[in-house]
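*Asks:* I would like the atomic coordinates for the input below:
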Amino acid sequence: MTFFAPLRRNIHPRGALLWGLVLAGILMCIFFSDWKIHLKSSVEARTGFYQGIRSSRVFKSATTHRQFACPSAGADALELGVGRSPEGDLNHFSPIDHARQQIGYPWERSIQENSSVVFGEIFQNILEGTKGLRGISPLPLPEDFSYRLGGAGFLRGNQDPSVRMGTILFESDIFRRIRLTYYDGGPIQVVNSLWYPRSQYDIPLLGINVISFGETARQLCVIDFQPLTEGQREMGSTLEGIKKEIPTLSGNISGKFYDDRFFSPNILIGKFEDISNLNQATAPAVMKALEGYLSLTEGLEAEEIGAHHRDRMKEEYNRYNGEKDPSLGIYEAQFGSEWAREYVDRVKFA
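*Replies:* Have a look, this model is predicted:
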């Protein structure tokens, strides 16, 4: 009060008004300067947050408040750089980083409580097997097929999802298409991978299928170098060696799902009653099978002779498996009939 009293006595009313406006302007400048600093900090923080949200598809369970985040699909395909690269990853593409971006790999826990992701090591080993391929790069996959949430109650709209499935696709100089899929349905866990060579390379397909119906329930492992020609049926010596080393993988095939035309005489089949026994046999078998299969690509040269026939046999292989696939019923129940049929035809066997 005493500071402003002399001013009030000596300043004309219009001058007082002017001084008041100046003082108000100074105070506003100080206020807005401080406000802009805080605003910039807040915007920077929020920008980072929303960029993360935009690059992710996040489901938050209403009952468990757990988040199952999956980075969005659609990574640009890299330029193709034959076989395994002696220098490793020539184009600096990382399949592991791609899996992390596409499906949120690794999954540290199951989507269902009291269940676990039991085939993480097997999934990792297959993924690692793609790293040294010459020209390895991602193949585009629609987001809805890359990461899918499901469950019967979820489809009805009255429950949280109880199932999820992630799929990633690659290609390389020799392989037209490499698919790797993880199905997490709580007690039901599946790793499935299928490698398609380009038609000008005369080697079989590689198929890997590992299934658990619960830690103390039925377990199944199937690994095969799947022939498209008679000559390719003789390329499974690696599998014969694995059978001798791991006799539990010497089971017999069922004609209900396996056609002799597309499965080798050395197919590895193991049926187990305990998840620990399955993993004990399967994890090393997958690594040995991958190593043996990739050895088929060493020094492999393209040959157009027979390529058309191999193309036609691949189409027949896809058609046969699309009709016989035992997973179709599960997909229909958990993800919807229309989506399931489209996934099998466009993604799983394509």
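
*Asks:* Please export the C-alpha coordinates of the helix or strand residue 210 falls within as CSV.
*Replies:* Per DSSP states H and E: residue 210 is located in strand 205-212. Provided in CSV are the C-alpha atoms of strand 205-212 (Å, rounded to 0.1, in the frame of the first residue of the first chain):
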residue,chain,number,x,y,z
LEU,A,205,9.4,-77.6,-47.4
LEU,A,206,10.1,-77.4,-43.7
GLY,A,207,7.2,-77.9,-41.4
ILE,A,208,7.3,-77.6,-37.6
ASN,A,209,4.3,-78.1,-35.4
VAL,A,210,4.4,-78.3,-31.6
ILE,A,211,1.2,-78.5,-29.6
SER,A,212,0.3,-78.6,-25.9
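
*Asks:* what's it packed up against?
*Replies:* Based on contacts counted as 3 or more Cβ pairs under 8 Å, 6 or more residues apart in numbering; DSSP states H and E, the elements that strand 205-212 packs against are strand 188-197, strand 219-226, helix 275-295. Yep, even glycine has a C-beta here, placed from its N, CA and C like the rest.

*Asks:* What strands flank it, and is each parallel or antiparallel?
*Replies:* In the sheet containing strand 205-212, its partner strands are strand 188-197 (antiparallel), strand 219-226 (antiparallel), by DSSP bridges.

*Asks:* Nearest to residue 232, out of the ones you listed?
*Replies:* Proximity to residue 232 (Cβ to Cβ) singles out strand 219-226 among the strands paired with strand 205-212, at 7.4 Å.

*Asks:* Endpoints of stretch 204-221, how far apart?
*Replies:* Length of stretch 204-221, first residue to last, Cα to Cα, to the nearest Å: 19 Å.

*Asks:* tell me the mean pLDDT for that stretch?
*Replies:* Stretch 204-221 shows a mean pLDDT of 92.

*Asks:* Check stretch 117-136 too.
*Replies:* In this model, stretch 117-136 has a mean pLDDT of 94.

*Asks:* With mean neighbour count and distance to residue 206 added, can I get the helices and strands packed on strand 205-212 in CSV?
*Replies:* What follows is those, written out as CSV (neighbours: other Cβ atoms under 10 Å; distance: least, Cβ to Cβ, whole Å):
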stretch, mean neighbour count, distance to residue 206
strand 188-197, 23, 4
strand 219-226, 24, 6
helix 275-295, 19, 5
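
*Asks:* Select, out of these, the one closest to residue 128.
*Replies:* With distances scored as Cβ to Cβ, the stretch of the helices and strands packed on strand 205-212 nearest to residue 128 is helix 275-295 (8.6 Å).
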